[in-house]
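# Have a look at this prediction, sequence included:
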Amino acid sequence: MTAAAPEQALREALHRVGYLADPELATTVWLAGELQRPLLLEGDAGVGKTALAQALARAQGARLVRLQCFEGLDMAQAAYEWNYGRQLMAIRLKESQGSVREGDVFQREFLLERPLLQAISQDGPCVLLIDEVDRADEAFEAFLLEVLAEYQITVPELGPIRARQIPRVILTSNGTRELSDALRRRCLYHWLDYPALAREIAIVREAVPEADARLVEDAVQLVQRLRREDLSKIPGIAECLDWVRALHRLHPHALPEDMAVLLGTLGCLLKTREDRFLIDAERLRHIAEGPRQTGVAADMNKAPAL
């Protein structure tokens, strides 16, 4: 029996932990590991970027270290800061013994490790998720370049701290601002889009196996048509999963025909006041009565594993 190609083996490992990656994505993730390069994932919110990093950590038995980016994020929050309380205690102890040297208080043991330093300090496998890097300032991007290129952090008082074991690094971006060319050059790149109908049905069936196949097909098709509406916040895969779980509890075999009941469940999908008012009963009926593909779930059962 021929062994699976390594990228296919990774795809199957991700599938076993509940993440259905297409061949192109699996190959890119595998190459990022082989080349020891960070992977930059861009795409709309809710397409599964963060979930991929979480699944990769589970599939490889690695520790997940997550840095959630935001405006104003600085080195003290992202990499390290000195434990001034412990340093002060060390100074007082040395003074009681007669002398204090600079090297006595600037030692690795007095560093408080934040996510970036935690990741490069791991002795075992680690996945470093730098989530929503586009929300951080450009100045923080400049600091990241050393971490991404050299897998080290330079502490002025100690010098460079190099990775004990190079972590798998995944950066995600929702495209709220343009990232620098310098950051992009250091990464492999993949655009993650909303899944096609068959793949999203497979994702939902994997995550909500108790839901009826007809209900999953109808719900996913409605969500995909809803994404074509002029919404301020397009429902992602997570919202689709929540909606199917809610529908399964209300009408376990099919979408409810009563628009009032269906409208009552839209809080799982539509997360702004404007979107909720845009999709009224009449508009929802029009979307729900759109063209429907049948038998997609059955075809997926006959198809090769994703």
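Alright, I've got the coordinates.

# So which residue is dead centre in the protein?
Closest residue to the average C-alpha location of the chain: residue 50 at 0.5 Å, with C-alpha atoms, centre = their mean.

# That one contacts residue 171, correct?
No. When contacts are counted by C-beta atoms under 8 Å, residue 50 is not listed as touching residue 171 (10.9 Å). Heads up, the C-betas are built off the backbone N, CA and C, glycines and all.

# Skipping adjacent residues, who's closest to residue 267 in space?
Excluding the flanking residues, the one nearest residue 267 by C-beta to C-beta, 6 or more residues apart in numbering is residue 276, at 7.9 Å.

# that older thread, please report how far the residue nearest to the centre of the chain lies from residue 87.
Residue 50 is 36 Å from residue 87, where distance means C-beta to C-beta, to the nearest Å.

# mind listing what's buried in stretch 160-174?
161, 163, 166, 167, 168, 169, 170, 171, 172, 173, 174 (16 or more other C-beta atoms under 10 Å).

# my bad, should have said stretch 252-259
Buried residues in stretch 252-259, counted by 16+ other C-beta under 10 Å: residue 255.

# what's the first-to-last distance across it?
In stretch 252-259, first residue to last residue: 16 Å (C-alpha to C-alpha, to the nearest Å).

# again with stretch 261-273
Termini of stretch 261-273 sit 19 Å apart (C-alpha to C-alpha).

# Kindly report the same for stretch 209-218.
End to end - C-alpha to C-alpha - stretch 209-218 spans 15 Å.

# quick one: low-confidence parts of the stretch 151-300 of the chain?
294-300 (pLDDT under 70).

# switch the cut-off to 50
298, 300 (pLDDT under 50).

# With the stretch 1-150 of the chain instead?
Ranges of the stretch 1-150 of the chain meeting pLDDT under 50: 1.

# quick one: the helices in it?
All helices of the stretch 1-150 of the chain, identified by DSSP state H, counting those that start in this stretch, fall at 6-16, 23-34, 49-60, 75-78, 84-96, 102-105, 115-120, 138-150.

# Could you point out which of these sits nearest residue 67?
helix 115-120 (4.0 Å; C-beta to C-beta).

# got a list of contacts for that closest one?
With contacts defined as C-beta atoms under 8 Å, 6 or more residues apart in numbering, helix 115-120 is touched by 65-67, 78-80, 111, 126, 128, 147, 151-153, 161-164, 167, 169.

# out of those residues, which are inside strands?
65, 66, 67, 80, 111, 126, 128, 152, 153, 161, 162, 169 (DSSP state E).

# how about the nearest residue to residue 82, chain neighbours excluded?
Among residues not flanking residue 82 along the chain, residue 110 sits closest, at 5.9 Å (C-beta to C-beta, 6+ apart).

# Could you find the closest non-adjacent residue to residue 143?
With C-beta to C-beta, 6+ apart as the criterion, residue 143 has its nearest non-adjacent residue at 5.9 Å, and that residue is residue 75.

# Quick one: neighbours of the one you found, just the number.
16 (other C-beta atoms under 10 Å).

# what does the one 5 residues further on give?
One way to gauge burial is a neighbour count; for residue 80, by other C-beta under 10 Å, it gives 22.

# Show the contacting residues for it.
Contacts of residue 80 (C-beta under 8 Å, 6+ apart): 111, 112, 113, 114, 116, 117, 153, 155.
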